[in-house]
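Participant: Let me see the structure of the following:
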Amino acid sequence: MKLWQGLAFGSVLLMCLSTTVQAAEQTLYQRLGEQPGISYIVDTALGKVHSDARINHYFAHTNIPHLKYELVQYIGQATGGPQKYTGRDMRTVHQPLGITKGDFNAFVQDLGWALNKTGVGQNEQKQLLAKLAASESDVVQAAPAAASKTPAHPAKGKTAKKTH
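Facilitator: As a prediction, this is how the structure comes out:
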């Protein structure tokens, strides 16, 4: 009987180790569900952003299908996928928008909500958010609007046209 229990325990242990090794061998891109999974995450996140009054004004005149395409390419490349992000650099795209740290954090919160909603594991969430956090210094370009002499938000009078 003890032999069978030992074999059963050993089998379960090997299965667990095998699953852990397989997960470790997969790229973050694969663990996010590759292109279809990332596309679903981006769709979900953009839906949340659209309803978020803190930041949705940034996207009021944005070509959303193009933005989705660029985000999927950006995230795909950043997570080890075959995509090649060919869009403009983050600083060039975001500098005219006057995005604050609070705005950036709101977007990250919406993305976190989308990651939870789409069933992305905590480990993958941390890894993805760490990769995207590296762009914060290029995206955040302004102090809070109250401290600025010029309007920071297009919806509040800035005339620069958003192109992402």
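Participant: and the residue most central in space within the chain, what element?
Facilitator: Note on the chain: the residue nearest the mean C-alpha position is residue 111, at 5.6 Å, using Cα atoms, centre = their mean. If you go by DSSP states H and E, residue 111 is part of helix 101-117.
Participant: ok now that helix, how far from the chain's centre?
Facilitator: In this view, helix 101-117 has its centroid 8 Å away from the chain centroid, taken as Cα atoms, centre = their mean, to the nearest Å.
Participant: Quick one: name whatever helix or strand follows that helix.
Facilitator: As assigned by DSSP H and E, the chain's next helix or strand after helix 101-117 is helix 122-133.
Participant: buried stuff in stretch 40-57?
Facilitator: Buried residues in stretch 40-57, counted by 16 or more other Cβ atoms under 10 Å: 40-46, 48-49, 52, 55. C-beta here means a position set from N, CA and C on the backbone, and glycine is covered the same way.
Participant: how about the helices in the chain?
Facilitator: All helices of the chain, identified by DSSP state H, fall at 2-25, 28-31, 34-50, 64-78, 90-94, 101-117, 122-133, 136-139.
Participant: any chance of those in CSV, with mean pLDDT and distance to residue 84 too?
Facilitator: CSV is the format used below for these (pLDDT from 0 to 100; distance: least, Cβ to Cβ, whole Å):
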stretch, mean pLDDT, distance to residue 84
helix 2-25, 53, 23
helix 28-31, 98, 13
helix 34-50, 98, 13
helix 64-78, 97, 6
helix 90-94, 93, 16
helix 101-117, 97, 22
helix 122-133, 96, 16
helix 136-139, 95, 19
